[in-house]
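In: Here you go, sequence then predicted model.
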Amino acid sequence: MLSKNAEVAQVLEEIGLLLDIEGKDRFRPLAYHRGARAIKSLGEDVVEVARRNELTKIPGIGKGLAKIITNYIETGQVPKLDELRTRVPIKVMELMAIRGVGPRTVKLMYDKLGITDLESLERAASDGSLSQLPGLGDRSVKQILQGIELVRQGLERTLLADALIEAEKIVSALRALPSVRQIEVAGSARRRRETVGDLDILVNASDTETIMGTFVGLESVAEVLARGTTKSSVRLTSNLQIDLRVIPAESFGAGLQYFTGSVDHNVKLRSIAQKMGLKLNEYGLFRGEEKVEGREERAIYESFGMTWVPPELREDRGEIEAAQDGTLPDLITPDAVRGDLHTHTDQSDGRNTIEEMIDAAQEREYEYFCISDHTKSLTIANGMDEERLEARINEIDRLNESGRWKMRILKGAEVDILQDGELDISDDLLSRLDIVTASIHSRMNDSKRVMTERVCHALENKFVHILGHPTGRLLLKRPPFEIDLSAVFEVARKNNVIMELNAHPQRLDLNAGNLRSAVRAGLRIAVNTDAHSVAELDNMTFGIYQARRGWLTKDDIINTHTLKKLLRLIKK
DNA sequence: GCCGTTTTCGGCCCGACTGTTTTCAGTCG
Ligand SMILES: Nc1nc2c(ncn2[C@H]2C[C@H](O)[C@@H](COP(=O)(O)OP(=O)(O)OP(=O)(O)O)O2)c(=O)[nH]1
Ligand SMILES: [Mg+2]
Ligand SMILES: [Mg+2]
Ligand SMILES: [Zn+2]
């Protein structure tokens, strides 16, 4: 099951690959690849963007690609792709997914041996015919056979949260080496993308030999993909790929800039350098032979008359222009958070008691903390009925009165939005809560129109403060349900409802693109952990990462405000 | 196909590693 964005990206990707293979034009396929990347990292429903007629506002999408996308959304058809597939009947997506196999190899294999898919390639590799092709020796064939297996296993991306744990292990192993002066995680992990394709690690060191040796010799390494003097790659037993780049001190800033990406951000920056008669690469910024900058990443941006761009924004979505104008946002930082407005206890499906959760919140020096267990229709989560909710309200009153905690404990609930958009708890009881979060937990496959009406209706309930995980996505598992977010935003604005940024590493919902649109639509955001245990309170960090990717500032986020201001802002 | 304080035409980022190759094309970052 794919989201529309993923479908559209795949269409563009496949056209790009087929054009690559035809080899007629070097640059046209690049445009399709760039378009595919742009849609993949859009972080907003492409259907919505198309409906607003704003596809060509996306960098890399022009009239041509916009037409293909619109047509695909409206009819499900892509004549250009059908035509290409007829001319070049190759399953490019699966063949080119093999490491080491690119367009030239696919074309050669097709022309000489009629290879069109993994199966026919495997046969040719096994019966010896493949190694007869020019440029393909026994080593290549062996690598291809291994590659076929990996493709069949299905290469998934990895959740940022999981990847960062793995990164820390590798970083600490390498940091222990005496010749290592600096070491940084770069790539999409440094940009805090919610999922990463691999880990990219940059080292500043004098002695590259020992570094590379240690790196490829790490216990978790399953396969060494490349080993050079400045760059090596391995695949771990977990199948996660790690790229290591070693760069000398005087180039470390340029190396970090390069290795952080994104590709499109890099290409744009390098083009700007070019136009200024300069050259930017991972070793520095050069005027002719002379290195102008390189040690400090910041100085490279400043050389272009830009302010330093926070890695989370480096996606070529307007950040370069904003850096030139000096109008980059002052992004939210973790220390600005004053409380968590969505947490669970063992009253519903949480693991810890209410007191354990409050103690943990106190340790995090919060000023307020909302307990918001599930309500009755979520039976699978042991949701509370009115009676239990009322008892909970009284309990929190007593806890606040006890004076055991400096922090204010807010009375909340995560109330289920029913099939008809009504809530499963009476207004009477809702009125006694400080914070009401309304969430969809059922019937997520209903049509877009139904889902939109359902959510909008719930937001019109005058006791609802926050819409919980507004699109219901589960990363690597379930795409967002279909919903017209612009309509939701409009109703939310009218009714003073806040959008949640659910900080669970598998949700991060709203995502970056939608956060940006929500704020543009005049809404505020609550960054909430939805913690089901004490440990999960630390997921706030991932929420802040995503908020930064959504260009959010402190003021956009409701739980950076003091208790007093918070309560005033949520008032209907 | 995209895009614009050097252009609406004519450019399009730049470098490392591998294999099989006699000097580099292909692939990947
Ligand atoms: N200038 C330039 N830099 C590139 C290119 N490809 C990759 N890079 C840089 C920017 C990337 O962020 C960085 C790491 O490459 P990756 O392929 O791992 O991409 P990234 O980490 O951004 O995304 P990922 O989550 O791994 O798919 O290397 C390129 O074609 N040109
Ligand atoms: Mg990467
Ligand atoms: Mg990489
Ligand atoms: Zn919840």
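Out: Now that the structure is in, tell me what you want to look at. What you see is a predicted model, and the numbers here were worked out from it, not measured in a lab. Ligands and ions are numbered 1, 2, ... in the order given.
In: where does the residue nearest the centre of chain A land on pLDDT?
Out: Residue closest to the average C-alpha location in chain A (Cα atoms, centre = their mean): residue A:194, at 2.8 Å. Reading off the confidence values, residue A:194 has pLDDT 98.
In: so how far is DNA strand B from the closest residue to it other than its chain neighbours?
Out: Among residues not flanking residue A:194 along the chain, residue A:508 sits closest, at 4.8 Å (Cβ to Cβ, 6 or more residues apart in numbering). Quick note: C-beta positions are derived from backbone N, CA and C, even for glycine. Going from residue A:508 to DNA strand B by Cβ to the nearest atom of the strand, to the nearest Å gives 23 Å.
In: What residues does residue A:508 make contact with?
Out: With contacts defined as Cβ atoms under 8 Å, 6 or more residues apart in numbering, residue A:508 is in contact with A:194, A:475, A:501, A:502, A:542, A:543, A:546.
In: let's go with 7 Å and repeat that
Out: A:194, A:475, A:502, A:542, A:546 (Cβ atoms under 7 Å, 6 or more residues apart in numbering).
In: Would you mind checking which of those residues is nearest to residue A:324?
Out: For those, the residue nearest residue A:324 by Cβ to Cβ is residue A:546; the value is 25.3 Å.
In: And the residue of the stretch 201-350 of chain A that's closest to ligand 3?
Out: Nearest residue of the stretch 201-350 of chain A to ligand 3 (Cβ to the ion) works out as residue A:243 at 3.9 Å.
In: Work out the sheet partners of the helix or strand containing that residue and label each with its direction, please.
Out: For residue A:243, the element it lies in under DSSP states H and E is strand A:241-247. If you go by DSSP bridges, strand A:241-247 pairs up with strand A:199-205 (parallel), strand A:231-236 (antiparallel).
In: ok now the shortest one, how far from the chain's centre?
Out: The offset between the C-alpha centroid of strand A:231-236 and the centroid of the whole chain comes to 23 Å, using Cα atoms, centre = their mean, to the nearest Å.
In: List every C-alpha atom in it, with coordinates, as PDB.
Out: Taking Å, rounded to 0.1, in the frame of the first residue of the first chain, the C-alpha atoms of strand A:231-236 are listed here in PDB:
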ATOM      1  CA  LYS A 231      35.700   6.800   1.600                       C
ATOM      2  CA  SER A 232      34.400   3.400   2.600                       C
ATOM      3  CA  SER A 233      31.000   1.800   2.700                       C
ATOM      4  CA  VAL A 234      29.700  -1.300   4.600                       C
ATOM      5  CA  ARG A 235      26.500  -3.100   5.100                       C
ATOM      6  CA  LEU A 236      25.800  -4.200   8.600                       C
END
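In: Residues in contact with it: which ones?
Out: For strand A:231-236, contacts defined as Cβ under 7 Å, 6+ apart pick out A:212, A:215-216, A:220-226, A:241-245.
In: The residue lying closest to residue A:547 once chain neighbours are set aside: how many residues sit nearby?
Out: Nearest residue to residue A:547 in three dimensions, chain neighbours excluded: residue A:332, at 5.1 Å (Cβ to Cβ, 6+ apart). For residue A:332, the neighbour count with other Cβ atoms under 10 Å is 24.
In: Buried by neighbour count: which residues of the helix or strand encompassing residue A:6 qualify?
Out: When secondary structure is defined by DSSP H and E, residue A:6 falls within helix A:4-22. Neighbour-count burial for helix A:4-22 flags A:4-5, A:7-21 (criterion: 16 or more other Cβ atoms under 10 Å).
In: ok so, going back, quick one: the strand holding residue A:243 to chain centroid distance?
Out: That offset, for strand A:241-247, works out to 21 Å (Cα atoms, centre = their mean).
In: That strand near ligand 2 anywhere?
Out: No. Strand A:241-247 lies out of reach of ligand 2 by Cβ under 5 Å from the ion, never closer than 6.7 Å.
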